[in-house]
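# Predicted model follows, preceded by the sequence.
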Amino acid sequence: MMDSYAKTEYWFESAEYDLQTARAMLETKRYLYVGFMCHQTIEKALKGIFVARNPDEELPYIHKLVRLANLCGLTEELSDAQLFLLDTLNPLNIEARYPLNKTLLLQSLTQERCQTLIQETEALFQWLKMK
């Protein structure tokens, strides 16, 4: 059984892997998965913080980023821009898996938008690593 430090490391290493995958998806122009992997990066980082701060609690099986930030006690520390990013990334988790209107979603995920998503995700990920 992993201790809370090992669990935290697991989540942050997985988040880093997903961020690298987001970059690879950008390079190969698979924009639908850039947003999905950015969401996964932040979700896993938040879960890492949750297990570090709540070693005796069961990790909740949720994917909503603002809810996870709330459970970590981070909501008050997040800037408006960071909260906006969480709101932006949140639907990309479901939309990438089950795209109801794939064409419309792909039109919104331009190369420029995806580059911005990755840059903002990287910045938030670095901030979360310091928590």
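Looks like it came in fine.
# rest of the way, CA atoms for contacts and neighbours
Will do.
# State the distance from Asn90 to Ile42.
In this structure, Asn90 and Ile42 are 10 Å apart, going by C-alpha to C-alpha, to the nearest Å.
# intersection of neighbour lists for the two?
Overlap between the contact sets of Asn90 and Ile42, as judged by C-alpha atoms under 8 Å, 6 or more residues apart in numbering, is given by Leu65.
# The two - which one has more neighbours?
Between Asn90 and Ile42, counted using other C-alpha atoms under 10 Å, the more crowded position is Ile42 (29 against 22).
# Now for the nearest residue to the more buried one once chain neighbours are set aside, how many residues are close by?
For Ile42, ignoring the flanking residues on the chain, the nearest one in space by C-alpha to C-alpha, 6 or more residues apart in numbering is Phe125 at 6.4 Å. By the measure other C-alpha under 10 Å, the count of residues near Phe125 is 22.
# And the pLDDT for Phe125?
Model confidence at Phe125, expressed as pLDDT, equals 98.
# elements contacting whichever strand or helix holds it?
Here Phe125 sits within helix 111-129, counting by DSSP states H and E. Secondary structure elements in contact with helix 111-129, counted by 3 or more C-alpha pairs under 8 Å, 6 or more residues apart in numbering; DSSP states H and E, are helix 4-27, helix 31-53, helix 80-97.
# right, and these - which one's nearest Cys72?
For the helices and strands packed on helix 111-129, distance to Cys72 was read as C-alpha to C-alpha. The smallest value, 5.2 Å, belongs to helix 31-53.
# helices and strands around the closest one, which ones?
Other helices and strands packing on helix 31-53, by 3+ C-alpha pairs under 8 Å, 6+ apart, are helix 4-27, helix 65-71, helix 80-97, helix 102-108, helix 111-129.
# Can you point out the buried residues in stretch 67-83?
Buried residues in stretch 67-83, defined by neighbour count with 16 or more other C-alpha atoms under 10 Å: 68-69, 71-72, 74-75, 78, 82-83.
# With pLDDT and distance to Arg113 added, can I get those residues in TSV?
Shown next, in TSV, are these (pLDDT from 0 to 100; distance: C-alpha to C-alpha, whole Å):
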residue	pLDDT	distance to Arg113
Leu68	97	24
Ala69	98	24
Leu71	97	29
Cys72	96	28
Leu74	97	26
Thr75	94	25
Leu78	97	22
Gln82	98	16
Leu83	97	17
